[in-house]
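**Student:** Sharing a model that was predicted from the sequence below.
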Amino acid sequence: MTDTTPATDAVDDAAADAAPKTTEGMNTFERLLTVWVALAIIAGIGVGYFLPGVPETLSRFEYASVSIPVAILIWAMIFPMMLMIDFASVLRIGRQPKGLIVTTSVNWLIKPFTMFAIAWLFFMVIYSRWIPEDLARQYLAGAILLGAAPCTAMVFVWSFLTRGDAAYTLVQVSVNDLIMLVAFAPIVILLLGISDIAVPWNTIGLSVLLYIVIPLTAAYLTRLVLIKKRGFEWFSGVFMPRAAKVTPAALIITLVLLFAFQGDVILSNPLHILLIAIPLTIQTFLIFFIAYGWAKIWRIPHNIAAPGAMIGASNFFELAVAVAITIFGLQSGAALVTVVGVLVEVPIMLALVRIANRTRHCFPACPAAAAQAPA
C-alpha cells in the first residue's frame with residue numbers, strides 16, 4: 001500500500017502558503033479603518049468643541065426619539081452590506097451542517113451571554129472605582145448590543161484572508177441574518193432587564209424594524225430586480241463596487257457626528273476609551289477560540305471553521321451603533337462603547353486571521369480548497 005502522507009502534507013503546506021497576506025483582500029478604507037475611526041474621533045470632538053451649534057441644530061431633527069440625519073446615514077451604512085446577502089444560498093444549508101451548528105450556537109447561545117458576563121465584571125466590579133455606576137450601566141448596555149449582533153459584511157474579507165469557502169461563508173452569514181430578525185430584540189431585552197437597565201420596548205422594536213427588517217427587505221428586492229434586469233455579472237461587478245463606496249463614507253460621517261455629541265465626555269474621561277477596549281478585546285479572543293476549538297474537535301475543514309469563528313468574533317457594529325443611538329441617544333455611554341468596538345475590531349481580527357492561517361495544519365485537509373489554491 002502506497003504511503004500518501006507526504007503528498008497530503010505537501011498539499012496542505014501549499015494551501016497554507018497560498019493564503020493571502022493579512023491586508024491583501026482589503027481596500028484602503030478597510031486596512032486603515034482604525035486610523036479613520038481615530039481621525040473621526042478627533043474631527044468629531046473638534047466639531048463639538050469649536051462648532052457647538054452643529055450638534056445642537058441636528059438634535060432638533062428627531063421623530064419618535066430617532067435622529068433623522070443619523071438614521072439616513074445608518075441606512076446608507078447598512079443597505080450596501082445587506083445587498084451582499086444571497087438568501088437563495090440558504091437552500092444549501094444541508095451542506096456541512098456541523099459548520100452551521102457551530103456558528104449559530106456560538107453566535108446566539110454563547111456570545112451574547114459571555115459578552116454580558118465579561119462586560120458586567122469589568123464595568124460594574126473591576127472599574128467601579130473609576131466609572132460611576134450610572135455610566136457603567138450605559139457602557140454595559142453598549143456591550144450587550146455588540147454581543148447580540150454577529151458580523152455580516154466584513155466576514156467576507158476575513159473569509160478571503162483565511163482562504164475560506166466563499167459559498168459556505170455566504171450560507172453562514174445568510175442564516176445568521178435570518179436568525180437576527182427574530183433573536184436580536186429578545187436577547188437585548190432580556191440582558192438589559194437582567195442589568196437593571198430600563199428597557200424601552202417600543203424603541204427596540206422600532207430599531208429592529210428600521211435597521212434590520214426594512215434594509216434587509218429593501219436590499220433583497222433591489223438585488224432581485226437588478227439581477228433580473230441586468231444580470232448577476234453587472235450586479236456584482238459594476239453595481240456592488242459603486243454601492244460599497246457609500247458605506248465607509250456614511251460610517252465616518254456618523255462617527256464624526258457621534259463624537260461631536262460625545263466630545264465633553266471623552267475630554268473629561270479619555271481613560272475610558274482604554275477601559276472599554278479591554279473587555280471587548282477579551283470577548284473577541286474568547287469567542288474566536290470557542291468556535292475555532294469546537295470546529296477542530298468536530299474535525300470541520302479549515303475553510304469552513306475559520307470564517308465561522310470569525311463571524312462570532314467580530315460584530316455587526318453598524319447595527320449596534322444604530323440601535324445604541326436610537327435607544328440611548330448620541331451622547332450616551334452605550335453609543336460610545338459601540339464606537340470603541342469599531343476602533344478595536346480591525347487590529348484584533350487581523351491578529352486572529354494570522355492565528356487561523358498559522359494553525360491551518362491542525363484541521364482536516366480540504367482537497368477542493370487545496371486544489372483551487374493558486375500555486
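**Tutor:** That came in fine, so what should we check first? Note that this is a predicted model, so its numbers are computed, not measured.

**Student:** Phi, psi for Pro150 please.
**Tutor:** Main-chain dihedrals, Pro150, degrees, to the nearest 10: phi -70, psi 150.

**Student:** Which helix or strand in the protein has the lowest average pLDDT?
**Tutor:** helix 367-372 (a mean of 40; mean pLDDT, DSSP states H and E).

**Student:** what about Phe239, how many residues close to it?
**Tutor:** Counted with other Cβ atoms under 10 Å, the neighbours of Phe239 add up to 17. Heads up, the C-betas are built off the backbone N, CA and C, glycines and all.

**Student:** and the closest residue to it other than its chain neighbours, what does it touch?
**Tutor:** With Cβ to Cβ, 6 or more residues apart in numbering as the criterion, Phe239 has its nearest non-adjacent residue at 6.1 Å, and that residue is Leu226. Leu226 is in contact with 234-235, 239, counting by Cβ atoms under 8 Å, 6 or more residues apart in numbering.

**Student:** show me where pLDDT drops low in the stretch 101-250 of the chain?
**Tutor:** 152-154, 199-204, 207 (pLDDT under 70).

**Student:** any idea where the helices of it begin and end?
**Tutor:** 111-120, 133-147, 155-161, 166-194, 201-208, 214-230, 232-234, 240-244, 246-268 (DSSP state H, counting those that start in this stretch).

**Student:** Average pLDDT for stretch 341-359, rounded please.
**Tutor:** Stretch 341-359 comes out with an average pLDDT of 86.

**Student:** Let's see that stretch as CSV, backbone CA atoms only.
**Tutor:** Below are the C-alpha coordinates for stretch 341-359, written out as CSV (Å, rounded to 0.1, in the frame of the first residue of the first chain):
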residue,chain,number,x,y,z
GLY,A,341,-15.9,48.4,19.2
VAL,A,342,-15.3,49.8,15.7
LEU,A,343,-12.0,51.2,16.8
VAL,A,344,-10.5,47.9,18.1
GLU,A,345,-12.1,45.4,15.8
VAL,A,346,-9.8,45.5,12.7
PRO,A,347,-6.5,45.1,14.5
ILE,A,348,-7.8,42.3,16.6
MET,A,349,-9.4,40.5,13.6
LEU,A,350,-6.2,40.8,11.6
ALA,A,351,-4.4,39.1,14.5
LEU,A,352,-7.0,36.3,14.5
VAL,A,353,-6.5,35.9,10.8
ARG,A,354,-2.8,35.3,11.3
ILE,A,355,-3.6,32.7,14.0
ALA,A,356,-6.1,31.0,11.7
ASN,A,357,-3.6,30.8,8.9
ARG,A,358,-0.8,29.5,11.0
THR,A,359,-2.9,26.7,12.5
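
**Student:** hang on, isn't Ile194 packed against Phe116?
**Tutor:** Yes. At 7.3 Å, Ile194 and Phe116 qualify as touching, with contact defined as Cβ atoms under 8 Å.

**Student:** So the residue nearest to Phe239 versus Leu170, what's the distance?
**Tutor:** Applying Cβ to Cβ, to the nearest Å, the value for Leu226 to Leu170 is 18 Å.

**Student:** Gly164 now?
**Tutor:** Going from Gly164 to Leu170 by Cβ to Cβ gives 10 Å.
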